[in-house]
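Engineer: Provide a 3D model corresponding to the input given below.
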Amino acid sequence: MTIPAEVRRKFYALRALAGVLTVFAGAIFILRLHDFGLHLLAILAIFVGLWIVRRSNVSVWLARGQVVREWSFTEKCKGVGRVWWALTAASLAACVVFYLAMYVDLLHGGKEVWPVYAFAVSALTLAVTFGYVIMRIFP
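Structural biologist: Coordinates of the predicted model:
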């Protein structure tokens, strides 16, 4: 079964938009290391990009006529796997620990830079693992 040209254009346009959002989010993480507000916007852009990719897949599925069975949250949570849940929980715990390390460093004058880098890496890891879990749960 062929996909109509209109759906194909929508699919590629949505994928390109998601790619642009991801590139800008990565640039924000690299270029603005100490700007927490922009990092939050970058994480939001990553999540929006993941959602856009999911929507582009849904448009293709609808064009092909694939019927999705009834959705159940508990069945979808079982499909994620324990490893991804553990990685998400560990990266969330790392974000909390490194945020507290940044706070303690700020109270002592803010002379260390390693908590900022560690928090940025843990936040990026949290965004990736949580994005995967969300994409597996919500079609």
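Engineer: C-alpha from now on. contacts and neighbour counts both.
Structural biologist: Will do.
Engineer: Tell me if I'm right that residue 14 and residue 56 touch.
Structural biologist: Yes: using Cα atoms under 8 Å, residue 14 makes contact with residue 56 at a distance of 6.1 Å.
Engineer: helices or strands up against whichever strand or helix holds residue 7?
Structural biologist: Using DSSP states H and E, residue 7 sits in helix 5-31. Judged by 3 or more Cα pairs under 8 Å, 6 or more residues apart in numbering; DSSP states H and E, helix 5-31 is in contact with helix 36-64.
Engineer: per-residue confidence averaged over the helix it packs on?
Structural biologist: What helix 36-64 shows for mean pLDDT is 83.
Engineer: What's the first helix or strand after the worst-scoring helix or strand of the chain on mean pLDDT?
Structural biologist: Across the helices and strands of the chain, mean pLDDT, DSSP states H and E gives its lowest value to helix 73-78, namely a mean of 62. Heading C-terminal from helix 73-78, the first helix or strand you meet, by DSSP H and E, is helix 82-107.
Engineer: Give me the buried positions along that next one.
Structural biologist: By neighbour count with 16 or more other Cα atoms under 10 Å, helix 82-107 contains the buried residues 85, 87-88, 90-92, 94-95, 97-99, 101-102, 105.
Engineer: quick one, what contacts residue 88?
Structural biologist: If you count contacts by Cα atoms under 8 Å, 6 or more residues apart in numbering, residue 88 has them with 126, 129-130.
Engineer: Quick check: it vs residue 116, distance?
Structural biologist: 20 Å (Cα to Cα, to the nearest Å).
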